[in-house]
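K.L.:
structure of the sequence below:
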Amino acid sequence: MTINQIRKLSPQCELILNHLRKGHTITQRSALMDYGIMALPRRIADLKEMGYRIESVMEHNKLTGQRYARYSLIEDTRKSA
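P.N.:
Numbering: from 1, shown residues only. I've put the predicted structure just below:
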């Protein structure tokens, strides 16, 4: 058993994972507005390090032209270590 398998999810990671498991996507703005999570890319990295397969797609805001990432869960199983 590896350290990643032993490590428990943080409360913020649990919120994000539950959101993604429902088939929803999440962006930095929605994470902040819905859950008060300011460091979404770091939490996504934590989930990926624990073996969850999460896809990020870069999109553009039509009004401002700013780029942002939209994250989604590829599958609801962790990669085996």
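K.L.:
run the chain-centre distance for stretch 30-42.
P.N.:
Centre-to-centre, stretch 30-42 and its host chain are 9 Å apart (CA atoms, centre = their mean, to the nearest Å).
K.L.:
in it, which residues are buried?
P.N.:
Using 16 or more other CB atoms under 10 Å as the test for burial, stretch 30-42 gives Ser30, Ala31, Tyr35, Ile37, Leu40. (C-beta placed from N, C-alpha, C; glycine too.)
K.L.:
mind jotting down where the strands sit in this structure?
P.N.:
Taking DSSP state E as the test, the strands found in the chain are 26-27, 52-60, 67-78.
K.L.:
need the winner for burial among those strands.
P.N.:
A comparison of the strands of the chain by mean neighbour count, using mean count of other CB atoms under 10 Å, puts strand 26-27 on top with a mean of 20.
K.L.:
any idea of the pLDDT on the residue nearest the centre of the chain?
P.N.:
By CA atoms, centre = their mean, the chain has its centre lying nearest to Ile44, at 3.8 Å. The score at Ile44 is 97. That number is its pLDDT.
K.L.:
next: Met38.
P.N.:
If you check Met38, the pLDDT there is 96.
K.L.:
Asp76 now?
P.N.:
66.
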